[in-house]
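> quick check, what structure comes out for this input:
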Amino acid sequence: MKRIKIFDTTLRDGEQSPGCSMNLTEKIEMARQLEKLGVDVIEAGFAIASPMDHKSVQAISAAVTNCTVASLARCAKGDIDAAWDAVKEANHPRIHVFLATSDIHMEYKLKMTREQVIDRIREMVAYAKSYCDDIEFSAEDASRSDWTFLAQCYSTAVAAGATTLNVPDTVGYSTPQEMYDLITYLRENIEGVEHVDISVHCHDDLGMAVANTLACIQAGADGYFLKDMEPEEFLKSIRRALEGQTVVDASMLAFLTTTLRAKMSSTLEERPTLTGREAEVLDLIAKGCTNKVIARRLDITEGTVKGHVKHLLKKLGCRSRVEAAVWAAQQKTAE
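Below is the predicted model of the structure:
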């Protein structure tokens, strides 16, 4: 059974938004509320950035008990030392190290070769690992990096002790199909990927973060949660995901229905004929079931389910399970 882990970066990345800076008291209160919500990981800040940031990460580490508390750190010993000093009193500390891997960043910002970047990842992930077991590695600007080199970077991080690999779309540059293809490629080409968590961090610079996150669902992610989802609904969604269902927030489903309406309406008019088995599979897809759950309920193999899904998508003219689910909902409405 897959388990969704919620990584919240409100106190680090979120605070960069205009007008969203918080004082120490507010940060601690935010952390406590995130803990009540059931967040798995709180990225409390960037300890090396300033004495106040270090103090706030340290205070949050002491204030929460159930969540993992992380500090961001560049792949530099001074950053990692500061991060560990700030989170070491947490019940569940994490050091989150990052290094750019795109050619443009390596040439103009880091002024490092690919070989030097690989060596730095290996050295600094291992150095962070000497402090604690929970290490996250982010390849900054991953979405603009050479895929073969990127997989090599992540494989190096895993070998050095990373337990989570973060794939950020740092400049909000990717399209949904690119994000889907990238995650699929990395899952197939990172050595040791089966032993780590894959994390995705999508930026909204071009207004594509939601669409890119939906592409992650298509690539196998178990859920997507809007930032303004009510806590009770948030927890219900997590439980549904733990039961093997694909979770899409109601607001997002409404968005999908609206944006896909034009495409779906032409398909509805044609009303392709489905076999009895295809209709059963489509009904379960619409209910958010994964291939594994569908196979169990229909007493068929997962490979057979994949074949039915492939034929369904082609017959319906849909590119994803989400579109097929919207098609099914639209058809029921039309009836």
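
> show the backbone phi and psi for the residue nearest to the spatial centre of the chain.
Nearest to the mean C-alpha position of the chain, counting by C-alpha atoms, centre = their mean, stands residue 200 at 3.1 Å. Per-residue torsions, residue 200: phi -120, psi 140 (degrees, to the nearest 10).

> that one contacts residue 166, correct?
Yes. Here residue 200 reaches residue 166: they are 7.5 Å apart, a contact under C-beta atoms under 8 Å. For glycine as for every other residue, the C-beta is placed from the backbone atoms N, C-alpha and C.

> list the contacts of stretch 295-302.
Defining contact as C-beta atoms under 8 Å, 6 or more residues apart in numbering, one finds that stretch 295-302 is touched by 277, 280, 281, 284, 289, 291, 292, 304, 305.

> need the three-state assignment for the third one.
Secondary structure for residue 281, judged by DSSP: H, G, I helix; E, B strand; the rest coil, is helix.

> residue contacts, the closest residue to it other than its chain neighbours?
Nearest residue to residue 281 in three dimensions, chain neighbours excluded: residue 308, at 4.6 Å (C-beta to C-beta, 6 or more residues apart in numbering). By C-beta under 8 Å, 6+ apart, residue 308 lies in contact with 277, 278, 281.

> list phi and psi for residue 308.
The phi/psi pair for residue 308 (degrees, to the nearest 10) is phi -60, psi -40.

> any idea how far it is from residue 188?
Going from residue 308 to residue 188 by C-beta to C-beta, to the nearest Å gives 23 Å.

> circling back to that earlier point, okay, the residue nearest to residue 281: pLDDT?
Looking at residue 308, its pLDDT reads 90.

> ok, residue 217 next?
Residue 217 carries a pLDDT value of 66.

> repeat for residue 203
89.

> now swap in the one 3 residues further on and tell me
You'll see residue 206 listed with a pLDDT of 83.

> same thing with residue 290?
So, for residue 290, pLDDT stands at 77.

> before we move on, the earlier item: residue contacts, the residue nearest to the centre of the chain?
166, 167, 168, 169, 179, 183, 213, 216, 221.

> possible to save those as CSV with neighbour count, secondary structure and distance to residue 134?
Shown next, in CSV, are the contacts of residue 200 (neighbours: other C-beta atoms under 10 Å; DSSP: H, G, I helix; E, B strand; the rest coil; distance: C-beta to C-beta, whole Å):
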residue, neighbour count, secondary structure, distance to residue 134
166, 22, strand, 13
167, 22, strand, 18
168, 19, strand, 19
169, 26, strand, 24
179, 26, helix, 26
183, 20, helix, 22
213, 22, helix, 24
216, 21, helix, 22
221, 19, coil, 21
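
> tabulate the residues you listed (TSV), appending distance to residue 37.
Formatted as TSV, the contacts of residue 200 follow (distance: C-beta to C-beta, whole Å):
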residue	distance to residue 37
166	21
167	24
168	23
169	25
179	26
183	26
213	19
216	21
221	20
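
> sort the residues you listed by pLDDT and name the bottom one.
Confidence by pLDDT is poorest for residue 221 among the contacts of residue 200, given 50.

> hmm, residue 324 and residue 316 touching each other?
Yes. With contact defined as C-beta under 8 Å, residue 316 reaches residue 324; the gap is 5.8 Å.

> surely residue 24 and residue 58 touch.
No. Contact criterion C-beta under 8 Å: residue 24 and residue 58 do not qualify, at 10.1 Å.

> higher neighbour count, those two?
Legend: neighbour count by other C-beta atoms under 10 Å for residue 24 and residue 58, higher for residue 58 (21 against 12).

> contact partners for the more buried one?
47, 85, 86, 87, 89.
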